[in-house]
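1. Just a sequence and a predicted model for now, questions to come.
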Amino acid sequence: MSSQSSSQNLQASGRRPRVAVVFGGRSSEHAISVVTAGAVLRAIDRTAYDVLPIGITADGRWALTADDPERMAITDRDLPSVEQLAESDTGSVLLPFEPDNREVVYTEPGSVPKALGEVDVVFPVLHGPYGEDGTIQGLLELAGVPYVGSGVLASAVGMDKEYMKRIFTSFGLPVGPYTVIRPREWERDEAAARKKIVDFAGDHGWPVFVKPARAGSSFGITKVDDPAGLDEAIAEARRHDPKIIVESLLHGREIECGVLEFEDGPRASLPAEIPPPAAHDFYDFEAKYIDSAEGIVPAPLTEEQTREVRELAVRAFEAASCEGLVRADFFLLDSGEFVINEINTMPGFTPISMYPRMWEASGVDYAELVDRLIGAALRRSSGLR
Ligand SMILES: Nc1ncnc2c1ncn2[C@@H]1O[C@H](COP(=O)(O)OP(=O)(O)O)[C@@H](O)[C@H]1O
Ligand SMILES: [Mg+2]
């Protein structure tokens, strides 16, 4: 079904589009996703949309959850979870895989399945593996339901720090030096893999950043000052992903830029600067979420630098064939050159997160942002585009 016919059907039926807000999930960013979903549920225009909150538990069950944003925040440093919000410990929400059937069903062992009505669009407020990496996007393609944000390929590219760099390089975007240790490389010959990293650091200098290739929120990342610290850093990264990427430390300022899809295509927000957090070695999980590190919006850049980084952000969005939204993260090197660090296809999205703050500064408030993202998803059809 094309997006046009689905929106025509909606108009003909006179009902509001039904948005399933899907959150939580199996990645280590579960709690952040719950927090974000709470903000989305709070901001979503209930006169324009019907809302169905669906939480995915840490072990992957799709649970019907309370539509209760108040219980979805970080309180006294306690992190919320879908398990706390689920209406039952056993019930599952099922999305049919026939593209012409959008009727969501709720099943509870021992009870008759209950129809929950049709879903017109899914807002996957999910970060990290099984959420932001193309897997749920593939499932939604099979189900024939439009969804907010990037499709399968762009999501997978945005999750994988190796392929992201390869794509950027092939589109002429500047990236920093890196080397990759594939799972089989490590399993076959740990000593050779270790030597590859030491040689890389010999060429580009210590310290290096050792990262899981596919993670997020700084999980599993260690800054390593010398060869003695390598084994522990590799083990830590491999706890998150058997593929690791090693980068040389880039000296410069951290600059981010939001890209949002408008009716006429992607546009870049004003950029922000993330100052180095005083109490943390780098911009790690604690610094990012618990202490709500304060980014400076707009970034104090020259007009020329601002123009350049916004243009690079849109080019990064296009290079990976992104849709809906992306936050593009850069380093402004001491040499004055911008280097792209990564894109996030489902960036932190609470009202205090950088992406919404950058758009707020650019004249698009949080509620409009949510509305534009759902609108962009409804305009698209499922399938190839
Ligand atoms: N090569 C690098 N040079 C300097 N700082 C880095 C480098 N890579 C990462 N960092 C720091 O670590 C943070 C997290 O790394 P990043 O690659 O963005 O991982 P994540 O996907 O988990 O956000 C960055 O925001 C930055 O502060
Ligand atoms: Mg990052």
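-> Perfect, I can see it now. In this text, all values refer to a predicted model and were calculated from it rather than measured experimentally. Ligands and ions are numbered 1, 2, ... in the order given.
2. Point me to the residue sitting closest to the centre of the chain.
-> In the chain, the residue lying closest to the centroid (C-alpha atoms, centre = their mean) is Met346, at 2.6 Å.
3. I'd like the distance between that one and ligand 1.
-> 12 Å (C-beta to the nearest ligand atom, to the nearest Å). Any C-beta I mention is one placed from the backbone N, CA and C, and that applies to glycine too.
4. please begin residue numbering at 400 from this point
-> In the new count, where the first residue is 400, that last one comes out as Met745.
5. Quick check: phi and psi at that residue.
-> Main-chain torsions, Met745, degrees, to the nearest 10: phi -130, psi 80.
6. list the contacts for the closest residue to ligand 1 within the stretch 450-599 of the chain?
-> Residue of the stretch 450-599 of the chain nearest ligand 1, by C-beta to the nearest ligand atom: Gly575 (5.5 Å). Going by C-beta atoms under 8 Å, 6 or more residues apart in numbering, Gly575 touches 646-647, 649, 730, 738, 740.
7. near ligand 1, which of those residues show up?
-> Among the contacts of Gly575, the residues within reach of ligand 1 (C-beta under 6 Å from any ligand atom) are 646, 649, 740.
8. now, which of those lie within strands?
-> Under the assignment DSSP state E, the ones next to ligand 1 among the contacts of Gly575 contribute 646, 740 to strands.
9. can you give me the strands in the stretch 650-784 of the chain?
-> 651-661, 664-667, 671-673, 724-732, 737-743 (DSSP state E, counting those that start in this stretch).
10. Reformat those into TSV and put mean pLDDT and mean neighbour count next to each item.
-> TSV is the format used below for those (pLDDT from 0 to 100; neighbours: other C-beta atoms under 10 Å):
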stretch	mean pLDDT	mean neighbour count
strand 651-661	97	23
strand 664-667	97	18
strand 671-673	95	19
strand 724-732	97	24
strand 737-743	97	21
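11. mind putting those in a markdown table, distance to Asp624 included?
-> Formatted as a markdown table, these follow (distance: least, C-beta to C-beta, whole Å):
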| stretch | distance to Asp624 |
| --- | --- |
| strand 651-661 | 19 |
| strand 664-667 | 36 |
| strand 671-673 | 22 |
| strand 724-732 | 19 |
| strand 737-743 | 20 |
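12. near ligand 1, which residues of this protein?
-> With C-beta under 6 Å from any ligand atom as the criterion, the chain meets ligand 1 at residues 575, 608, 610, 614-617, 620, 646, 648-649, 653, 681-682, 728, 740-741.
13. do that again at 8 Å, thanks
-> Listed as neighbours of ligand 1 in the chain under the rule C-beta under 8 Å from any ligand atom: 560, 575, 577, 607-608, 610, 614-620, 622, 646-651, 653, 673, 675, 681-683, 687, 728, 730, 740-741, 743.
14. ChimeraX command to pick out the buried ones of those residues?
-> Selection of the buried residues among the residues of the chain next to ligand 1 in ChimeraX, burial being defined by 16 or more other C-beta atoms under 10 Å:
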select :560,575,577,607,608,610,614,615,616,617,618,619,620,646,647,648,649,651,653,673,682,683,687,728,730,740,741,743
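15. And this protein, split by domain according to the record?
-> Domain assignment of the chain by automatic domain parsing yields the ranges 403-548, 557-574+650-778, 577-647.
16. Helix or strand with the lowest mean pLDDT in the protein?
-> helix 402-412 (a mean of 53; mean pLDDT, DSSP states H and E).
17. on that earlier part again, so how far is His603 from the nearest residue in space to the residue nearest to the centre of the chain that is not next to it in sequence?
-> Among residues not flanking Met745 along the chain, Glu531 sits closest, at 4.4 Å (C-beta to C-beta, 6 or more residues apart in numbering). Distance of Glu531 to His603, given as C-beta to C-beta, to the nearest Å: 29 Å.
18. residue ranges with poor pLDDT in the protein?
-> 400-412, 676-692, 780-784 (pLDDT under 70).
19. for it, which helix is longest?
-> helix 702-718 (DSSP state H).
20. who's in contact with that one?
-> Contacts of helix 702-718 (C-beta under 8 Å, 6+ apart): 566-567, 569-570, 572, 654, 656-658, 665-670, 697-698, 700, 721, 725, 727, 729, 731, 737, 739, 742.
21. for it, which positions count as buried?
-> Buried residues in helix 702-718, counted by 16+ other C-beta under 10 Å: 704-705, 707-709, 711-716, 718.
22. Correct me if wrong, but Phe446 is in a strand.
-> That one is not Phe; residue 446 is Thr. No: applying DSSP: H, G, I helix; E, B strand; the rest coil, one finds Thr446 to be coil, outside a strand.
23. got a list of what it touches?
-> By C-beta under 8 Å, 6+ apart, the contact set of Thr446 is Arg415.
24. Regarding the closest residue to Asp467 other than its chain neighbours, what are the backbone dihedral angles?
-> Excluding the flanking residues, the one nearest Asp467 by C-beta to C-beta, 6+ apart is Leu484, at 7.0 Å. Recorded main-chain torsions at Leu484 are phi -100, psi -20, according to degrees, to the nearest 10.
25. and what of Val418?
-> Main-chain torsions, Val418, degrees, to the nearest 10: phi -110, psi 120.
26. Bridged to it, which residues?
-> Beta-bridge pairing for Val418 (DSSP bridges): Val450, Val520.
27. was I right about it contacting Phe522?
-> Yes: assessed by C-beta atoms under 8 Å, Val418 is found in contact with Phe522 at 5.6 Å.
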